[in-house]
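J.: here are the coordinates; sequence isn't available:
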């Protein structure tokens with residue numbers, strides 16, 4: 001743009017000058033709070049022979065709280081959920097047998113039957 005073409009857009013020029021002339025905003029204050037104890041955010045799943053299998057295959061994508069906060073569901077709904085995690089979200093479940101064991105565990109701790 002040349003000096004004369006800037007005059008064609010006086011409103012734009014005014015906005016540029018206004019933006020450049022405003023003082024910088026002060027830095028946001030950092031709010032300090034008491035630390036949250038780790039025990040308040042950790043979620044434990046019930047003990048079961050397949051608990052570690054669930055942790056190994058589910059934790060790479062989401063927290064245990066995601067599992068613990070799910071509503072109770074029938075086994076078939078858990079099976080569809082596990083299948084969705086594998087097919088849609090790429091859960092690292094190695095085979096169908098492991099998926100079935102994960103489904104059984106989830107149905108046993110959060111099942112509605």
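T.: Great, that's in hand. Remember, predicted model here, so these are calculated numbers, not experimental data.

J.: Report the secondary structure element holding residue 86.
T.: helix 75-87 (DSSP states H and E).

J.: after that helix, next one along is what?
T.: Immediately after helix 75-87, counting by DSSP H and E, sits helix 96-110.

J.: got the angle for that next one vs helix 75-87?
T.: Angle of helix 96-110 versus helix 75-87, following axes from the mean of the first three to the mean of the last three C-alpha atoms, to 10 degrees, is 130 degrees.

J.: okay, now the nearest residue to residue 70 once chain neighbours are set aside: neighbour count?
T.: Nearest residue to residue 70, sequence neighbours excluded (C-beta to C-beta, 6 or more residues apart in numbering): residue 110, at 5.6 Å. (Glycine included, C-beta is placed from N, CA and C.) Applying other C-beta atoms under 10 Å, we find 18 other residues in the vicinity of residue 110.

J.: need the contact list for residue 110.
T.: 67-68, 70-73, 78 (C-beta atoms under 8 Å, 6 or more residues apart in numbering).

J.: How much space separates it from residue 33?
T.: Noted for residue 110: a distance of 32 Å to residue 33, by C-beta to C-beta, to the nearest Å.

J.: quick revisit: buried residues in the helix holding residue 86?
T.: Across helix 75-87, burial judged by 16 or more other C-beta atoms under 10 Å covers 77-79, 81-82, 85-86.

J.: so which pair among those is furthest apart in space?
T.: Spanning the widest gap among the buried residues of helix 75-87 are 77 and 86, at 15.2 Å by C-beta to C-beta.

J.: How about the contacts made by residue 45?
T.: The neighbours of residue 45, taking C-beta under 8 Å, 6+ apart as the test, are 51, 54-55, 64, 67-68, 109.

J.: just the buried residues of helix 75-87 now: which is nearest residue 101?
T.: residue 82 (9.8 Å).
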